[in-house]
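Please work out how this folds:
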Amino acid sequence: FTLTAMYEPLTEDELEKKGNKPIRINEVRADNSIYVNEYYKKNDWIELFNTTSEPIDIAGMYLSDNLKKPTKYKIDNYDNINTVIAPHDYLIIWADKLLTLNQLHASFKLAAEGGYVILTSADETWSDILYYEPHLGTESVGLYPDGSNEVYIMSAPTIAQANTINSYASWLA
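Here you go, the predicted model:
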């Protein structure tokens, strides 16, 4: 016999009821030793993922590494930088305290010993929080599949691409 799986995607309302956020902190990398920003520096980075079927502008949203100060860094709107994340796409914000030139840069660095990253909506009605454990500079902590609630230490970081895991990945939550 043959079985055929058939499903209907959840609606935006159903996703929201399940606790799904429109933008998720999808992957973080503290103590980065591979990827470089426009300053040619190997700094920390945060990957955001749009879980919806609509483009979302993150200008006005907040990022933080401090649970007590969720509005630490406001994502500004820049003329030369796209702050709109296309449906099911990614955007990188460097966490390195550098000035924004051609890429977004947060006003804080990530703690190599582990910590939190918090994304808060512009109207402060929702937040997404990712706890990351210490990881090597060649690893990252991220959600698999993208936008889910399953957190892994990934041996193969996937900056601005779909997260993948392999047998070396460690499940965190």
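
residue contacts, residue 107?
Going by Cβ atoms under 8 Å, 6 or more residues apart in numbering, residue 107 touches 72-73, 97. Every residue, glycine included, has its C-beta placed from N, CA and C.

any idea which of these is closest to residue 30?
For the contacts of residue 107, the closest approach to residue 30 (Cβ to Cβ) belongs to residue 97, at 13.6 Å.

I'd like the next helix or strand past the helix or strand bottoming out on mean pLDDT in the chain.
One helix or strand of the chain scores below all others by mean pLDDT, DSSP states H and E: helix 12-17, with a mean of 64. For helix 12-17, the following helix or strand on the C-terminal side (DSSP states H and E) is strand 23-29.

Just the buried residues out of the contacts of residue 107, in ChimeraX syntax.
Listed next is the ChimeraX selection for buried residues among those, using 16 or more other Cβ atoms under 10 Å:
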select :72,73
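
Out of the contacts of residue 107, which sit inside strands?
residue 73 (DSSP state E).

Present the contacts of residue 107 as JSON lines; the columns should include pLDDT and distance to residue 128.
Formatted as JSON lines, those follow (pLDDT from 0 to 100; distance: Cβ to Cβ, whole Å):
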{"residue": "72", "pLDDT": "97", "distance to residue 128": "15"}
{"residue": "73", "pLDDT": "98", "distance to residue 128": "15"}
{"residue": "97", "pLDDT": "96", "distance to residue 128": "22"}
